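Visitor: Mind looking at a prediction? Sequence and model below.
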Amino acid sequence: MSWHALVSLRLGSLDLDVEIEGGEAPVALIGPNGSGKTTLLRTIAGAHRPDAGSVRLGDFVVFDAEAGIDLAPEERHVGYVPQGYGLFPHLSVLDNVAFGLTGRAGRAAGAARGERRDAAMRLLERMGCAHLAARRPAGLSGGEQQRVALARALTVDPRILLLDEPLAALDARARRSIRSHLAEHLAERRGPALVVSHDLRDVQALGADVCAIEEGRIVQRGTATELAAAPATEFVAAFFEG
Amino acid sequence: MSPGTRGSGRGGSARAREAREAREARAGRAHGLLPLVATPILGLLVVPLLALALASSPADIAEAVRDPLFVPALLLSARTTLLSLTLVVITGTPLAWWLARTPGRRARLVEVLVDLPIVVPPAVVGIALLQTFGRRGLFGGWLEALGLQIPFTTTAVVMAQLVVSAPFYIQAAAAAFRRVEPDLLIVARTLGQSPAGAFFRVAVPLALPGLIVGAALSWARALGEFGATLLFAGNLSGETQTMPLAIYMALESDVRVAVALALVLAGVSLLLLLVLRAAPAMWARLDAAALAPTGAERAGTGPTGESR
C-alpha cells in the first residue's frame, strides 16, 4: 500500500508547499522547528484544508482540491498521535482506547458498549499494557502513554499512522527500549507511517526513509545512508552528525 | 516577615544574590506600607456585612419571611435567574467556543462587544433596553403590531439579567475552552467523532470546571441585578420585583424587613462564593473517587489475567 500527498497551504507565517510519498516502510520527517512538520501531519489528518493539492492513502483519495474532494478527519482513517501523545486526561486508559471504537467505525460495526470495551482490552493486551486499563493517563510513564496512544490510533484501522515526535517526551533510558518496541511494531504492522523525529537514532532504528523539510519545502529525501553521505543543507548535515 | 524565608538561593552567583537582596528589600518596604493601605479597604469590604448580620435577629428574620414582600420576591428571583442562567449557558456556550477557537480581528472585536455590559453602568443598560424594546423604542412598533409588550413584565426582568450576566459566563467559558489543547480535538476527530461529538465528548468535559465557575459568577451577577431591572422592568410585586428591588421597597416601610431580606441574599451569595472557592479541589476529589471504584470493577471484568 502506498500513499502520496501534494500539499500547498498558507497558515499564518508558514508557507507549506510539499510533495511526499511512501510505501509500507515508515517515512521519517526531519526538519528544524517551525518548518511545517506538524502542520503537514495535521493536514494529512484533515485538520487543515490545503489551498491546492491532493492526498491519497492507498487507492483512497481523501483530498483533491481540483475534484472538490475533502473528507472530514473522521472519514479518513488516519491514526494521528500528536506530540505529547494526546491522551484524553478525563478518561481512563481503557476508555481512551474504546473512544475510537465508539466513533463511526464502532457504530458501523454495530458493536455494543461491552464488545467495544473487550476489543479495546484486546488491543491493550497486544500492546502489553492491559494492566493499565483502569488508570488515568496522567499517572502513566511516557512510554506507557505512547503505547496507549498507539493502541488507540490503531482502533480506526488506519491507512496511515501519523506520529509526531513519538519518542521526544522520554528520558534517555526509556527512549532506547521504547524506540525498539516502536520499530518492531511498525515493522510487524507493515502499514504506512509518517514519523516526525529530531533524533538520528530514532530514524536508524525505524529503518525509515528520510524526508527533510525546511521552511515549508522538502529539501532532500532518500535513505538515511544517502542523506548522511551527501547532505543537501546545513540542517541535514548537522542531523546526521548526531 | 523574615528576609530569606524562601531560602532557595544557596550557592547562587553573586549577581543572583544581589538581585535577590534587592527584591527582598523592595518586598520589605512594601510589607511596611501594606497594612496601612490594606486594612481600611479590607475593613470596608467586610465590616458592613458583619454589621448587617449584627443588626438582625432570628425573630426579625422570621418576621421578614412572613412579610408580603418576601415570598413573591424570593420566588421571582429564583425563577428569573434560573431562566436567565439557562439562556446564558445555551446561547453563551457556542459563542464562547467560537471565540476560543477563532483567531483574528473579527473574533477580538466580538470579544470587546461581549465585555461591554461589564463596563456600561446597569442604569445605562436599562435605558438602552427601554429604547430598544419600549413602546417608542427601536422595535416598539413591530412588537406592538404583534401584540407583545416587553417592558415592565417578567420577560423584561429576565432580559435585563441576561444582558448584565452573560459576559461573566462567556468570558470564563472562552478562557476554559482556550485551555483545551487543539490536538486533542484533532485526535477525537480522527477517532471517528463529528465536530459536535468532539465538542461534547472532549472539549466540554475538559472545560467543565471553568464552565461551572463562569455559570456561578453569572448567576451571582443576575441575582444581584438592580439598576437595569428597575428601569426596564419596573418594581411590580410578583411580576418584576426581585429580591434586590424588594430590599429597596422594604427600606421605605420597615428597615428590619430590608435587613432580613438583605441577609438572605447575602447568605446565598456567600454560599455561592464558598462553592466557587472549593469547587476546584472538590472537582479533583470527585474525579479521583469516580475513577477508583469503576476502575477496579473494569479491571475485574476485563480479561486482564491473560495478559500478564
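Guide: Structure received. Note that the structure is a prediction, hence the values are computed from the model and not measured.
Visitor: Regarding chain A, what is its longest helix?
Guide: The helix spanning the most residues in chain A, taking DSSP state H as the definition, is helix A:172-189.
Visitor: what is the mean pLDDT for it?
Guide: Across helix A:172-189, pLDDT averages out at 84.
Visitor: buried stuff in that helix?
Guide: Residues of helix A:172-189 classed as buried: A:A174, A:R175, A:I178, A:R179, A:H181, A:L182, A:A183, A:H185, A:L186 (neighbour count, 16 or more other CB atoms under 10 Å in any protein chain shown). Placement of C-beta: from N, CA and C, glycine included.
Visitor: what about it, near chain B?
Guide: No - using CB under 8 Å from any CB of the partner chain, helix A:172-189 never reaches chain B; the gap is at least 15.7 Å.
Visitor: Need the residues that contact the next helix or strand after that helix.
Guide: Scanning the chain past helix A:172-189 towards its C-terminal end, the next helix or strand to appear is strand A:193-196 (assignment: DSSP states H and E). Under the criterion CB atoms under 8 Å, 6 or more residues apart in numbering or on different chains, residues A:20, A:22, A:26-30, A:37-38, A:40-41, A:44, A:83, A:160-166, A:186, A:202, A:206, A:208 lie in contact with strand A:193-196.
Visitor: Listing partners with orientation, what would you give for strand A:193-196?
Guide: If you go by DSSP bridges, strand A:193-196 pairs up with strand A:27-30 (parallel), strand A:160-164 (parallel).
Visitor: Dump these into TSV; add mean pLDDT as well.
Guide: Rendered in TSV, the data for the strands paired with strand A:193-196 read as follows (pLDDT from 0 to 100):
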stretch	mean pLDDT
strand A:27-30	95
strand A:160-164	95
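Visitor: Serialize those to TSV and add fields for mean neighbour count.
Guide: Output for those, formatted as TSV (neighbours: other CB atoms under 10 Å in any protein chain shown):
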stretch	mean neighbour count
strand A:27-30	26
strand A:160-164	25
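Visitor: Mind putting those into JSON lines with distance to A:F239?
Guide: Shown next, in JSON lines, are the strands paired with strand A:193-196 (distance: least, CB to CB, whole Å):
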{"stretch": "strand A:27-30", "distance to A:F239": "6"}
{"stretch": "strand A:160-164", "distance to A:F239": "17"}
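Visitor: for the residue in the stretch 151-300 of chain B that chain A sits nearest to, phi and psi?
Guide: Taking CB to the nearest CB as the measure, the point where the stretch 151-300 of chain B comes nearest chain A is B:G192, at 1.9 Å. With angles defined as degrees, to the nearest 10, B:G192 sits at phi 110, psi 0.
Visitor: Number of residues surrounding it?
Guide: 24 (other CB atoms under 10 Å in any protein chain shown).
Visitor: Tell me the predicted confidence for the residue nearest the centre of chain B.
Guide: With distances taken as CA atoms, centre = their mean, the residue of chain B nearest its centroid is B:L217 (0.8 Å). Taken from the predicted model, the pLDDT recorded for B:L217 is 91.
Visitor: What helices and strands are in contact with the strand or helix carrying it?
Guide: Taking DSSP H and E as the criterion, the element that holds B:L217 is helix B:204-224. If contacts are counted by 3 or more CB pairs under 8 Å, 6 or more residues apart in numbering or on different chains; DSSP states H and E, helix B:204-224 sits against helix B:70-101, helix B:154-178, helix B:255-301.
Visitor: Just the buried positions in the first one, please.
Guide: Neighbour counts over helix B:70-101 (16+ other CB under 10 Å) mark B:70, B:72-74, B:76-77, B:80-81, B:83-85, B:87-89, B:92-93, B:95-97, B:99-101 as buried.
Visitor: phi, psi of A:A47?
Guide: Listed backbone geometry of A:A47 is phi -80, psi -30, with angles given as degrees, to the nearest 10.
Visitor: contacting residues around the closest residue to the residue nearest to the centre of chain B other than its chain neighbours?
Guide: If the residues on either side of it in the chain are set aside, B:L217 comes closest to B:F168, at 4.4 Å by CB to CB, 6 or more residues apart in numbering or on different chains. Contact analysis of B:F168 by CB under 8 Å, 6+ apart lists B:I118, B:G214, B:L217, B:S218, B:R221.
Visitor: per-residue confidence for B:F168?
Guide: The predicted local distance difference test score for B:F168 is 96.
Visitor: do the same with the one 5 residues further on
Guide: In the prediction, the pLDDT value recorded for B:A173 is 97.
Visitor: what residues are up against the residue lying closest to it once chain neighbours are set aside?
Guide: Excluding its sequence neighbours, the residue lying closest to B:A173 (CB to CB, 6+ apart) is B:A96, at 3.5 Å. By CB under 8 Å, 6+ apart, the contact set of B:A96 is B:Y169, B:I170, B:Q171, B:A173, B:A174, B:A176, B:F177.
Visitor: 10 Å instead?
Guide: B:A96 makes contact with B:89, B:114, B:169-178, B:207, B:210-211, B:214, according to CB atoms under 10 Å, 6 or more residues apart in numbering or on different chains.
Visitor: Got phi/psi on A:I20?
Guide: When quoted as degrees, to the nearest 10, the phi and psi of A:I20 stand at phi -150, psi 140.
Visitor: what's the distance between it and chain B?
Guide: Going from A:I20 to chain B by CB to the nearest CB, to the nearest Å gives 19 Å.
Visitor: That residue contacts A:R221, doesn't it?
Guide: Yes - contact status for A:I20 versus A:R221: in contact at 7.7 Å, counting by CB atoms under 10 Å.
Visitor: Need the residues touching each of these two.
Guide: The overlap between the contact sets of A:I20 and A:R221 (CB under 10 Å, 6+ apart) consists of A:V27, A:L29, A:C211, A:I213.
Visitor: Just to check, B:V259 is in contact with B:P48?
Guide: No - counting by CB under 10 Å, B:V259 does not reach B:P48; the two are 11.6 Å apart.
Visitor: So for those two, which sits in the more crowded spot?
Guide: Summary of the neighbour comparison: B:V259 and B:P48, criterion other CB under 10 Å, with B:V259 having more neighbours (22 against 11).
Visitor: ok now do that one, which residues does it touch?
Guide: B:51-57, B:60-61, B:64, B:247, B:250-251.
Visitor: now those residues as JSON lines including secondary structure?
Guide: As requested, the contacts of B:V259 are exported to JSON lines (DSSP: H, G, I helix; E, B strand; the rest coil):
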{"residue": "B:A51", "secondary structure": "helix"}
{"residue": "B:L52", "secondary structure": "helix"}
{"residue": "B:A53", "secondary structure": "helix"}
{"residue": "B:L54", "secondary structure": "helix"}
{"residue": "B:A55", "secondary structure": "helix"}
{"residue": "B:S56", "secondary structure": "coil"}
{"residue": "B:S57", "secondary structure": "coil"}
{"residue": "B:D60", "secondary structure": "helix"}
{"residue": "B:I61", "secondary structure": "helix"}
{"residue": "B:A64", "secondary structure": "helix"}
{"residue": "B:I247", "secondary structure": "helix"}
{"residue": "B:A250", "secondary structure": "helix"}
{"residue": "B:L251", "secondary structure": "helix"}
